[in-house]
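**Student:** pasting the sequence and the predicted coordinates here, then a few questions.
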Amino acid sequence: MMFFVYAIKSVNRNYIYVGLSNNFDRRFLEHNSGKNKTTRPYCPFELILLEELPTRLEARAREKFLKSGFGKEFLKTLLVPKIE
C-alpha cells in the first residue's frame with residue numbers, strides 16, 4: 001500500500017493544510033465537501049503538492065517536515081507565480 005502526503009490551499013483564504021492518506025482522491029473530496037471539521041471553514045481547496053511514499057512511517061516523517069517552519073516556507077515557494 002502506498003501513502004500520500006499532500007498540501008492543499010484554500011482558494012478564498014490564506015490557509016494551507018498538510019495531510020497524509022492512503023487514498024488521496026477520497027480525502028481531497030472530503031476536504032472540498034466540508035466533511036472535515038478542521039478544513040470546513042476554508043473550502044474550496046486546490047492541490048499544491050502531492051507526494052507518494054512507500055510506507056506510512058516515511059509519509060508521516062514527510063508530513064511532519066511540511067508542517068514545520070521550514071516545510072511551510074517551502075510550500076509558500078510553490079505558490080509564487082512563475083514569470084515567463
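**Tutor:** Here it is on my side, so go on. Residues are numbered from 1 along each chain as shown.
**Student:** where do the helices of this protein begin and end?
**Tutor:** For the chain, the helices defined by DSSP state H cover 24-32, 56-67, 69-79.
**Student:** list the buried residues for the second one?
**Tutor:** Neighbour counts over helix 56-67 (16 or more other CB atoms under 10 Å) mark 59, 62-63, 66 as buried. No exception for glycine: its C-beta is placed from N, CA and C like everyone else's.
**Student:** save these as JSON lines, and put in pLDDT and distance to Tyr17 too.
**Tutor:** What follows is those, written out as JSON lines (pLDDT from 0 to 100; distance: CB to CB, whole Å):
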{"residue": "Ala59", "pLDDT": "98", "distance to Tyr17": "15"}
{"residue": "Arg62", "pLDDT": "98", "distance to Tyr17": "15"}
{"residue": "Glu63", "pLDDT": "98", "distance to Tyr17": "11"}
{"residue": "Leu66", "pLDDT": "97", "distance to Tyr17": "10"}
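**Student:** using JSON lines, please lay out those together with distance to Phe28.
**Tutor:** Output for the buried residues of helix 56-67, formatted as JSON lines (distance: CB to CB, whole Å):
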{"residue": "Ala59", "distance to Phe28": "16"}
{"residue": "Arg62", "distance to Phe28": "17"}
{"residue": "Glu63", "distance to Phe28": "15"}
{"residue": "Leu66", "distance to Phe28": "16"}
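**Student:** report how many residues lie close to Ile16.
**Tutor:** 20 (other CB atoms under 10 Å).
**Student:** ok, now how distant is the nearest residue to it once chain neighbours are set aside from Ala61?
**Tutor:** Once flanking residues are discounted, Ile16 sits nearest to Lys9: 5.2 Å by CB to CB, 6 or more residues apart in numbering. Lys9 sits 22 Å away from Ala61 when distances are taken as CB to CB, to the nearest Å.
**Student:** count the residues that sit near Phe3.
**Tutor:** By other CB under 10 Å, the residues close to Phe3 number 21.
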